[in-house]
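Undergrad: Prediction below, plus the sequence it came from.
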Amino acid sequence: MRYLWMCLAAMCALSAAGISFAGEPGSTLGWLPADSIATGRIDFKNLWRGPLFADYRQSVLRGGAAYSLLQLRMSPRLEDLEEISGGVWMGPEGTPEFLVVLSSTSPIDTGKAARLFLGKSAVEYDKKLGLWWAGEAGPVIARVEPNTLIFGFEKQVKESLSRKKAPVPPERMLAGQVAFRVSKNTFTDGLRAEIPEEFTALGKASSTSVSLVSAGKAMVLSAAMQFSTEEDSAAAVKTLENARKMGQGAIEQGRQQIRLELKKNEKSLAEHGALVFGLGGLNLLAKDLDRVPLVREGKLVSTKLELEASQLGMMGPLLALGIYGSLAEGQMVLKPPPVQQERAIPAPPEAKEMEGDPVAPQPANPREAALSANSQNNLKQIGLAIHNYEATYGYLPPAAVIDQNGKPLYSWRVLLLPYLEQDALYKKWKLDEPWDSPNNKSLAEAVLKVFANPEKPTNKTHYRVFVGDKAGWVNSPKGWRPDQANGNGLLKFANFTDGLSNTLAVIESRDPVNWAAPDDLTYDSKNPVPPIGVGDKPFANALFFDGAARRIASKDSEMAMRVLIERADGGALLGLPKPSPKR
């Protein structure tokens, strides 16, 4: 529920242009990058306290003591919430990044706010910057001014703190109680290819802005599109007129269909009422569509429409209260009265691992959580490649390809290249030569993101496998060649009697090796288990043969590790240990 709220908050950010701070509407846009491709602003204070929502606000305020108690546990309080703003921009890797800013008319208690927006598990992990976090690769929150919060992912929040608040030029401000602006950018340029041919003229707009302003018991919707040339704006008007006609045609088809349904006799009263309600809605929509004005002034195309309170219905207040209520849910949990049940016969206790806890520790901070998430994503890609290899040949790839003389040539990672979008690299590989031959060594210098450490990508990898008679990997027979399909001596999924979800496929090892080198972790049930985990982290990211990736404790007991490594030891059936929850 907390992350649903974060998504809703991000959506609100896209529908507004800035945030006010103590009577300065839009000033907290200064916390956002100047090159934001989409910015937004919701003037919550004036919208909530205005005449449009006055009746709904009074209903909430009449909650009495329960409402007062809820407000004491919230920060900012509903009545103090002033504005919400946010922005979206393209990061250095071409992926969207966002930041949401929230202001209040009174000082904000950061701890209460963090637990409100992030959940009860939120903790302050960076006291110097005042950063709060709820675990995993989730968002963080910080108070940047006594009345102002910012939240987003750690990287964006830290960048905003170092960037400091900047003055907001007039062209970045947007009027209205709800407003947003989207500017032309490489991302929107890419979307233009998806626009139907009859609407391509609209894709040439350099910017699009929409705003909502309450006027008594009505809302005025304004929209504007800016174009580079007058020819483009004229073409856009023509396109919009055609779109109006298409909409009118679709509405008329809908009305005719409903009228036909109403003539049929066998209908319940509820079905009949729903059809009448739908017909009335289509009639109102047709009326509104006819009176939408289109105004062209040079390169600018704009429109304005007044929506009466009866047309808005309860969508506005329900959205506002729904978002706020989702947060309140986590603060005041309502439990139903206990149900009397017959005494159940106690089940026998499950077998437990006595020497260690198989559940992995949590990451220490958002950066560590993000790196872990990236690593698990790499492992999932590797897992999919393993399954695709097995589906192609009917057996699993060997840990290392062994030549006629018993010398290991190269690793399993080379064999997976065609299934990891590296087919061109695989075709250059000489399959009868070792990984460090003159030809292959130059290829092995390539930095492959899927095998590299997300923190410091190089041509070395921490992703290694346990190799042994009882493990999930074995080396190929002598003289085996990957271009001559032969599964004799190699493993199949049928050999994993412990279950694919209970057997380790790939693990982060302590020491990295070149991704092409046939250098993995030798497993012998009589010898100690090799150390796992990158650096001093208390966990290691692991891939299981069912394709799932999760963390396991890097200092698990010998027994717990052996149960995960061995493919047919029966330990999983004894509950030693069960797969840990996904983290």
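TA: It's in. Residues are numbered from 1 along each chain as shown.

Undergrad: my guess is L490 contacts G394, does it?
TA: No - between L490 and G394 there is no contact under Cβ atoms under 8 Å: 9.4 Å. Placement of C-beta: from N, CA and C, glycine included.

Undergrad: Which residue of these two possesses the greater neighbour count?
TA: L490 (19 against 12; other Cβ atoms under 10 Å).

Undergrad: what sits against that one?
TA: L490 sits next to 395-398, 474, 476-477, 480 when contact means Cβ atoms under 8 Å, 6 or more residues apart in numbering.

Undergrad: those strands in the stretch 251-400 of the chain, which residues are they?
TA: Along the stretch 251-400 of the chain, the segments classed as strands by DSSP state E, counting those that start in this stretch run 295-297, 300-308, 400-402.

Undergrad: and the contacts of L490, which are buried?
TA: Buried residues within the contacts of L490, defined by neighbour count using 16 or more other Cβ atoms under 10 Å: 395-398, 474, 476, 480.

Undergrad: Among those, which one lies nearest to P457?
TA: P397 (23.5 Å; Cβ to Cβ).

Undergrad: mean confidence for stretch 124-139?
TA: Throughout stretch 124-139, pLDDT has a mean value of 84.

Undergrad: actually stretch 407-414, not the one I wrote
TA: If you average the pLDDT over stretch 407-414, you get 95.

Undergrad: Start at 10, not 1
TA: Sounds good: first residue 10 from here, last item stretch 416-423.

Undergrad: Contacts only, for the residue nearest to E567 when sequence neighbours are not counted.
TA: Among residues not flanking E567 along the chain, V538 sits closest, at 5.9 Å (Cβ to Cβ, 6 or more residues apart in numbering). Shown in contact with V538 (Cβ under 8 Å, 6+ apart): 532, 567, 570-571, 574.

Undergrad: Tell me, what's the model's pLDDT at V538?
TA: 90.

Undergrad: domain ranges for the chain?
TA: With domains defined by automatic domain parsing, the chain comprises 11-190+321-339, 375-583.

Undergrad: Return the most buried member of the strands of the stretch 260-409 of the chain.
TA: Among the strands of the stretch 260-409 of the chain, strand 409-411 has the highest mean neighbour count (mean count of other Cβ atoms under 10 Å), at a mean of 22.

Undergrad: R264: which of the strands of the stretch 260-409 of the chain is closest?
TA: So among the strands of the stretch 260-409 of the chain, strand 309-317 is nearest, using Cβ to Cβ, at 21.1 Å.

Undergrad: So for that closest one, mean pLDDT?
TA: 79.

Undergrad: For that strand, name the packing helices and strands.
TA: strand 227-235, helix 239-271, strand 304-306 (3 or more Cβ pairs under 8 Å, 6 or more residues apart in numbering; DSSP states H and E).

Undergrad: Export the ones you listed as JSON lines, with columns for distance to N504 and mean pLDDT.
TA: Formatted as JSON lines, the helices and strands packed on strand 309-317 follow (distance: least, Cβ to Cβ, whole Å; pLDDT from 0 to 100):
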{"stretch": "strand 227-235", "distance to N504": "63", "mean pLDDT": "81"}
{"stretch": "helix 239-271", "distance to N504": "59", "mean pLDDT": "84"}
{"stretch": "strand 304-306", "distance to N504": "72", "mean pLDDT": "88"}
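
Undergrad: Now the ones you listed in a markdown table, please, with extra columns for distance to A562.
TA: Formatted as a markdown table, the helices and strands packed on strand 309-317 follow (distance: least, Cβ to Cβ, whole Å):
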| stretch | distance to A562 |
| --- | --- |
| strand 227-235 | 55 |
| helix 239-271 | 59 |
| strand 304-306 | 65 |
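
Undergrad: and G508, which of those is closest to it?
TA: helix 239-271 (52.7 Å).

Undergrad: Please find the angle between the direction vectors of that closest one and strand 227-235.
TA: 140 degrees (axes from the mean of the first three to the mean of the last three Cα atoms, to 10 degrees).

Undergrad: burial of K174, as a residue count?
TA: Neighbours of K174 under the rule other Cβ under 10 Å: 18.

Undergrad: what distance separates the start and the end of stretch 425-441?
TA: End-to-end distance for stretch 425-441, by Cα to Cα, to the nearest Å: 16 Å.

Undergrad: so where's the stretch 10-159 of the chain uncertain?
TA: Scanning the stretch 10-159 of the chain for pLDDT under 70 picks out 10-35, 61, 72-79, 145-146.

Undergrad: re the thing from before, in CSV: the strands of the stretch 260-409 of the chain, plus distance to Q385.
TA: Formatted as CSV, the strands of the stretch 260-409 of the chain follow (distance: least, Cβ to Cβ, whole Å):
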stretch, distance to Q385
strand 304-306, 52
strand 309-317, 47
strand 409-411, 25
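
Undergrad: do you know which of those lies nearest E106?
TA: Closest approach to E106 among the strands of the stretch 260-409 of the chain (Cβ to Cβ): strand 309-317, 29.7 Å.
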